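Asks: Below are the sequence and a predicted model; questions follow.
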Amino acid sequence: MVVSPVRDRVSLNSRNAKRREGLPWQVPYHLAIIMDGNGRWAQERGLPRLAGHRAGTENLRRILRACVDFGIKILTIYAFSTENWGRPEPEVRGLMSILERVIDRELADLDRNGVRIRHLGRLEGISPRLQQKIRYAIEKTAHNDRLILNVAFNYGGRAEILDAVRRIIREGIPAERVDEALFSRYLYTAGLPDPDLIVRTSGEVRISNFLLWQGAYAEYYATPTYWPDFDKEELRKAIEHYSRRERRFGRLRQ
Ligand code: IPE
Ligand code: IPE
Ligand code: MG
């Protein structure tokens, strides 16, 4: 699907007015979430960290449904960063197998519910079997347009910018043609509008290499709630905060 950011945003706002669920506010078109705090959630319960990652995956299912109810059109989730390879090997292996199982278990349902899956990140470094599953999930859901789910997996904002620069150079694009619009088309998010709201759970207030380019004018929202406990009501609160913000994009208030 080729997304025309400006046109889609306009039509979405009017659609939202009809589709919102008890929300008198402006809903973000593109919501991004740094799903953080799985490990601490588990540790506080005396469970292994991987139990927290599994609980986090369960929660994703609930939040996906809530996003559809609220009329959000694009959800980007940060699932595994380029820096997360530095964690102990059993945790990395566990995270890889959780994604594999999620694809196996949820793909048919996601497809049936009109979710289009995209991957943000480098495929290199991921096992060939998981790469194949990711490619299959993307192909199988390519025709859907109810909600775009961008899965940032083996994703780093700096790696993304470097990958774009390398491709631009390799394709011999002349320097004077490189502007913001062209550059955006070389990012993993090519064709998609920037996130309106970036939520981080677990109390950390940092960006951890997430959407460095695309987040330039996103609104940020941090909550102390760990990701497995971040429910629909918490999401509603985040959206309410977002709708009270005044986005000025460097200009003065209208
Ligand atoms: C976020 O939870 C998920 C990933 C980074 C894969 P964490 O695993 O970072 O949980 P905490 O921050 O250690 O609690
Ligand atoms: C960011 O969380 C990455 C994901 C949520 C996938 P981290 O837990 O890895 O980030 P830091 O280490 O707190 O910055
Ligand atoms: Mg963390």
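Replies: The structure has been received and is ready for your questions. Numbering: from 1, shown residues only. Ligands and ions are numbered 1, 2, ... in the order given.
Asks: From ligand 1, how far off is residue 93?
Replies: Remark: distance between residue 93 and ligand 1 (C-beta to the nearest ligand atom, to the nearest Å) = 12 Å. To be clear about C-beta, it is placed using only N, CA and C from the backbone, and glycine gets the same treatment.
Asks: how far is the strand or helix carrying that residue from where the chain is centred?
Replies: Using DSSP states H and E, residue 93 falls within helix 89-112. Counting by C-alpha atoms, centre = their mean, to the nearest Å, helix 89-112 is centred 16 Å from the centre of its parent chain.
Asks: Repeat that for stretch 166-173.
Replies: Relative to the chain's own centre, stretch 166-173 is displaced by 27 Å; criterion: C-alpha atoms, centre = their mean.
Asks: how about the CA coordinates for it, as PDB?
Replies: Taking C-alpha atoms only, stretch 166-173 is exported to PDB below (Å, rounded to 0.1, in the frame of the first residue of the first chain):
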ATOM      1  CA  ARG A 166      24.700   3.600   2.100                       C
ATOM      2  CA  ARG A 167      21.900   2.900  -0.300                       C
ATOM      3  CA  ILE A 168      21.700   6.500  -1.400                       C
ATOM      4  CA  ILE A 169      25.500   6.500  -2.200                       C
ATOM      5  CA  ARG A 170      25.300   3.000  -3.800                       C
ATOM      6  CA  GLU A 171      22.500   4.200  -6.100                       C
ATOM      7  CA  GLY A 172      24.600   7.200  -7.100                       C
ATOM      8  CA  ILE A 173      22.100   9.800  -6.100                       C
END
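Asks: quick one: contacts for the residue in the stretch 101-250 of the chain positioned nearest to ligand 2?
Replies: Nearest to ligand 2, among the residues of the stretch 101-250 of the chain, is residue 208, at 3.7 Å (C-beta to the nearest ligand atom). For residue 208, the contacting residues are 34, 36, 78, 81, 83, by C-beta atoms under 8 Å, 6 or more residues apart in numbering.
Asks: Please work out how many residues are found near the closest residue to the second one other than its chain neighbours.
Replies: In space, residue 36 comes closest to residue 202 once its chain neighbours are excluded; the distance is 4.0 Å by C-beta to C-beta, 6 or more residues apart in numbering. When counting by other C-beta atoms under 10 Å, one arrives at 21 neighbours for residue 202.
Asks: thought residue 202 was touching residue 227?
Replies: Yes. With contact defined as C-beta atoms under 8 Å, residue 202 counts as touching residue 227 (6.5 Å).
Asks: where do the contact lists of these two overlap?
Replies: Common contacts of residue 202 and residue 227 (C-beta under 8 Å, 6+ apart): 36, 37.
Asks: which stretches of the stretch 1-150 of the chain aren't confidently modelled?
Replies: Across the stretch 1-150 of the chain, the ranges flagged by pLDDT under 70 are 1-24.
Asks: burial of residue 129, as a residue count?
Replies: Using other C-beta under 10 Å, residue 129 has 10 neighbouring residues.
Asks: quick revisit: what's the residue nearest to residue 36 in contact with, if anything?
Replies: Residue 202 sits in contact with 36, 37, 40, 224, 225, 226, 227, where contact means C-beta under 8 Å, 6+ apart.
Asks: again, only this time at 10 Å
Replies: By C-beta atoms under 10 Å, 6 or more residues apart in numbering, the residues touching residue 202 are 34-41, 222-227, 229-230.
Asks: What subset of those is buried?
Replies: Among the contacts of residue 202, those buried by neighbour count (16 or more other C-beta atoms under 10 Å) are 34-41, 222-223, 225-227, 229-230.
Asks: so what's residue 117 bridging to?
Replies: In this entry, residue 117 is beta-bridged to residue 149, by DSSP bridges.
Asks: That one - how many residues pack around it?
Replies: 23.
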